[in-house]
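Asks: Compute the structure for the input listed below.
(one chain, ligands or ions: 2)
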Amino acid sequence: MSDRDTIAAIATPPGVGGIGVIRLSGPKALQIGEALTRSRLEIGRIQLRDFIDAEGRVLDQGLALCFVAPHSFTGEDVVELQGHGGPVLQEMLLARLLELGCRLARPGEFSERAFLNGKLDLAQAEAIADLIESGSQAAARAAMKSLQGVFSERIQRLVEAVIDLRAFVEAALDFAEEEIDFLGESDLLDRLERLIEDTRGVLEEAERGRLLNEGLRIAIAGRPNAGKSSLLNRLAGYDAAIVTEIAGTTRDVIREHIALRGIPLHVIDTAGLRQSDDPVEQEGIRRAWKEIEQADAVLMLIDATTGITDEDRAILERLGDLPVIRVYSKADLLESDSIPDEEGLLISSRSGEGMEALIDRILGQQSARSGEDSAFLARARHVDALQRALAALQQARAVYADTASGELMAEDLRQAQQALSEITGEFTTEDLLGRIFGSFCIGK
Ligand SMILES: Nc1nc2c(ncn2[C@@H]2O[C@H](COP(=O)(O)OP(=O)(O)OP(=O)(O)O)[C@@H](O)[C@H]2O)c(=O)[nH]1
Ligand SMILES: [Mg+2]
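Replies: Ligands and ions are numbered 1, 2, ... in the order given. As a prediction, this is how the structure comes out:
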């Protein structure tokens, strides 16, 4: 089916509500709206109408709003029908609209059309989904900034700088090699340097925006029986992981999506770290390290009843520079409530002691990394594209330093531009669009 179909979907969430909205978009939207209401619909006015079925029975009564291309969300003719919010009623209306010649919209198809018609760029379209799904006020505010184009503008400025530089280098290529010099080699390198700095700045902001959007990854690490799974269960508020007094209980990586005070977190429980001859446990430990190394913060659990042991020291050493919080467990078994570690936290997953302080520390980590008010919201996809752009620019600098070849440099600049353009969707593949819009819900 072509994109010129007129599409329809229920835009309000399923269930009972005061109002239910059905949205139509495409060349026949107005005609179908008029057939449903058996009346003329005027543009730019809110009109109370009966919604009528094939037999002439009134299905519902509500408001019809019409927008004419290109002055609509999708850039096409759009009709919004605001009826009563009952699921059966909405299904009946939708069925009638399908009879009248539209088809059911795919997930994200309204936003996809808005993108294809140039009403939004790709990063803005993604911001709509992120805004709707935002798990905290800070994320919602940042998503709104992305939707308003703050992020896209930053990317656009980088793209323009790359294009300028490419034009400069490619113009020089038309002359003899040595004439790049003539055009001002130091100026060229200065501009490249500035571009690398700017790209790095946007990348750092995008990383903060990604954290705010997708939540911190918190890995729980430590020796067997340190109480890792017990802590996960306490944070999750239910028995997510098996807890026993047998060392080596957890083998798989266990992930829980938890909101602490409204901030989304991925808490990851891992296998106890030790030397093992059991191949299953070895695999579990390998996976544990992989998660730990990629985490935004590591809770290193230490059994407070034994204190730091040599095995703990070995793990701490391997954790190295990772952002580690030392957490002493099983406080309820201790006689005193102090530990010989000023930076460590003492908790009990059994009694709940120390949990508030732990949550403060985890969230302190989050706000330190995500900034109080992030400039914009971003996704892993954007961070990845910015990393590739930065790598290509650094490559351009290295290649030029090595070979002074404008030709090789031009190719790196082209790649940097392409990576940046993927973010706003100037350069995309069908596949990428399918993946992005396919994850939206229907009616968006
Ligand atoms: N008294 C007390 N016991 C605890 C606490 N946390 C864990 N335990 C006990 O310590 C033992 C090990 O707990 P787990 O949570 O399974 O430890 P783990 O670190 O996940 O262990 P592995 O999965 O084997 O690596 C169990 O018997 C728990 O009941 C606590 O806060 N207080
Ligand atoms: Mg465990």
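
Asks: Roughly how far does residue 217 sit from ligand 1?
Replies: To ligand 1, residue 217 is 18 Å away according to C-beta to the nearest ligand atom, to the nearest Å. Quick note: C-beta positions are derived from backbone N, CA and C, even for glycine.

Asks: Might you report the residue contacts of that residue?
Replies: For residue 217, the contacting residues are 265-266, 268, 291, 294-297, by C-beta atoms under 8 Å, 6 or more residues apart in numbering.

Asks: Now with 10 Å, please.
Replies: Shown in contact with residue 217 (C-beta atoms under 10 Å, 6 or more residues apart in numbering): 211, 255, 265-268, 291-292, 294-298.

Asks: doesn't residue 303 make contact with residue 348?
Replies: No - between residue 348 and residue 303 no contact is recorded; they are 11.6 Å apart, counting by C-beta atoms under 10 Å.

Asks: on that earlier part again, looking at the contacts of residue 217, point me to the pair that's furthest apart.
Replies: 211 and 292 (17.4 Å; C-beta to C-beta).

Asks: if we can go back for a sec, same drill for residue 348 and residue 303, tell me which one is more crowded.
Replies: residue 348 (22 against 19; other C-beta atoms under 10 Å).

Asks: if I look at that one, how far off is ligand 2?
Replies: 16 Å (C-beta to the ion, to the nearest Å).

Asks: can you list the residues of the stretch 101-250 of the chain near ligand 1?
Replies: The stretch 101-250 of the chain comes close to ligand 1 at residues 222, 224-230, 243-245, 247-250, as judged by C-beta under 6 Å from any ligand atom.

Asks: How about the stretch 251-400 of the chain?
Replies: So far as C-beta under 6 Å from any ligand atom goes, the stretch 251-400 of the chain lies against ligand 1 at 271-272, 329-330, 332-333, 348-350.

Asks: is it fair to say residue 21 lies in a strand?
Replies: Yes - assigned with DSSP: H, G, I helix; E, B strand; the rest coil, residue 21 falls within a strand.

Asks: That one: how many residues sit nearby?
Replies: Residue 21 - counted by other C-beta under 10 Å - has 19 other residues nearby.

Asks: what does residue 187 give?
Replies: By the criterion of other C-beta under 10 Å, residue 187 has 10 neighbours.

Asks: where's the host helix or strand of it relative to the chain centroid, distance-wise?
Replies: Applying DSSP states H and E as the criterion places residue 187 in helix 179-214. Relative to the centre of its chain, helix 179-214 is centred 23 Å away, using C-alpha atoms, centre = their mean, to the nearest Å.

Asks: In contact with the residue in the stretch 51-200 of the chain that ligand 1 sits nearest to: list those residues for me.
Replies: Per C-beta to the nearest ligand atom, residue 135 is where the stretch 51-200 of the chain lies closest to ligand 1, at 26.7 Å. Counting by C-beta under 10 Å, 6+ apart, residue 135 makes contact with 212-215, 257, 259, 262-265.

Asks: ok so, going back, return the subset of the contacts of residue 217 lying in helices.
Replies: Using DSSP state H, the subset of the contacts of residue 217 located in helices is 211, 291-292, 294.

Asks: Tell me, please, where in this protein the pLDDT is lower than the cut-off.
Replies: 1-3, 174-185, 262, 365-373 (pLDDT under 70).

Asks: Residues of it that sit close to ligand 2?
Replies: Counting by C-beta under 5 Å from the ion, the chain comes close to ligand 2 at 228-229, 249-250.

Asks: Can you say which two of those residues are spatially most distant?
Replies: Among the residues of the chain next to ligand 2, 228 and 249 lie farthest apart (C-beta to C-beta), at 9.3 Å.

Asks: The two - which one has more neighbours?
Replies: Applying other C-beta under 10 Å to residue 228 and residue 249 shows that residue 228 carries more neighbours, namely 32 against 16.

Asks: returning to that earlier point: and the residue of the stretch 51-200 of the chain closest to ligand 1, how far from residue 392?
Replies: Distance from residue 135 to residue 392, counting by C-beta to C-beta, to the nearest Å: 33 Å.

Asks: Give me the phi and psi angles of residue 134.
Replies: For residue 134, the backbone dihedrals (degrees, to the nearest 10) come out as phi -60, psi 140.

Asks: Hmm, residue 141 and it touching each other?
Replies: Yes - look at residue 134 against residue 141 with C-beta under 10 Å: they come within range, at 8.5 Å.
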